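Undergrad: Sequence first, then the predicted structure, then my questions.
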Amino acid sequence: MDGCFVIFVIRDGRYNNWMKNAILLLLGLFIGAVGANIVGNALRARDAYARGTMDVMQHHYGSLRENLRAKQCNATKTAFALAQLRALSNEIEPAVYPDSTPESAFREFSSRLRDALDTGIATAPADCAALAPIAEKVGKVCDECHQQYR
Ligand code: HEC
């Protein structure tokens with residue numbers, strides 16, 4: 001008797017259509033979820049380099065700010081942080097735009113950051129009084145680029 005019922009259901013056009021639609025809908029949802037996951041992973045992997053670069057810059061910039069707050073601006077530590085920031089500033093463009101040339105305003109912000117860091121490194125700040133204006137200038141470029149691009 002069960003078999004008869006199944007045959008009846010399959011042969012009944014309306015029910016058959018309903019089932020087909022339900023299966024197609026589920027299949028669509030499944031493919032959509034898998035696709036969204038693939039795209040999401042790709043985007044995350046793509047952003048990882050940019051975020052990583054920024055996070056390490058934040059680490060060194062934060063250490064300068066922290067030393068200023070604590071009024072302990074050791075010249076060697078300052079020089080190290082500035083040098084790390086300067087090296088990372090070369091990574092900004094390839095990290096954020098891995099397969100294209102960034103527009104000119106973005107490149108302008110990047111090179112302004114490099115200029116601010118070069119000037120800072122050249123003055124070799126030995127104390128907090130010397131470091132403060134340099135950190136200020138660097139932080140301002142970070143903020144300005146973020147306002148437009150982050
Ligand atoms: C030329 C533009 C530019 C400059 C200059 C710049 N940034 Fe960024 N920053 C970005 C962009 C774009 C993002 C967003 C990256 C993303 O999420 O893919 C970002 C994101 C960040 C983030 C968040 C990272 C995360 O994990 O989401 C931090 C922290 C950061 N920047 C710190 C800094 C610091 C500190 C400086 C200066 C020393 C700086 N940035 C200078 C463009 C810039």
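TA: Happy to help now that I have it. From a predicted model like this one, the values you see are computed outputs, not experimental measurements.
Undergrad: make it CA atoms for all contacts and neighbour counts henceforth
TA: Fine.
Undergrad: Endpoints of stretch 66-83, how far apart?
TA: 17 Å (C-alpha to C-alpha, to the nearest Å).
Undergrad: in that stretch, what counts as buried?
TA: 67, 68, 73, 74, 75, 77, 78, 79, 81, 82, 83 (16 or more other C-alpha atoms under 10 Å).
Undergrad: Can you narrow the residues you listed down to the ones near the ligand?
TA: Counting by C-alpha under 6 Å from any ligand atom, nothing from these sits close to the ligand.
Undergrad: Looking at the longest helix belonging to the chain now, give me its mean pLDDT.
TA: Criterion DSSP state H: the longest helix present in the chain is helix 13-69. For helix 13-69, the mean per-residue pLDDT is 88.
Undergrad: Same check on stretch 118-130?
TA: Here the average pLDDT along stretch 118-130 is 98.
Undergrad: Count the neighbours of the residue nearest to residue 81 when sequence neighbours are not counted for me.
TA: Excluding its sequence neighbours, the residue lying closest to residue 81 (C-alpha to C-alpha, 6 or more residues apart in numbering) is residue 60, at 5.2 Å. Neighbours of residue 60 under the rule other C-alpha atoms under 10 Å: 19.
Undergrad: Show me what from this structure comes close to the ligand.
TA: Counting by C-alpha under 6 Å from any ligand atom, the chain sits next to the ligand at 47, 50-51, 54-55, 57-58, 61, 106, 109-110, 113, 138-139, 141-142, 145-146, 149-150.
Undergrad: Try it again at 5 Å.
TA: Taking C-alpha under 5 Å from any ligand atom as the contact definition, the chain meets the ligand at 47, 51, 54-55, 57-58, 106, 109-110, 142, 145, 149-150.
Undergrad: right, and the pair among those with maximum separation?
TA: For those, the farthest-apart pair by C-alpha to C-alpha is 47 and 109; their separation is 19.3 Å.
Undergrad: center of this structure, which residue is that?
TA: residue 51 (3.3 Å; C-alpha atoms, centre = their mean).
Undergrad: that older thread, mind picking the one among the buried residues of stretch 66-83 that's closest to the ligand?
TA: The closest of those to the ligand turns out to be residue 82 (C-alpha to the nearest ligand atom; 9.4 Å).
Undergrad: Pull the contacting residues for the closest one.
TA: If you count contacts by C-alpha atoms under 8 Å, 6 or more residues apart in numbering, residue 82 has them with 60, 117, 120, 121.
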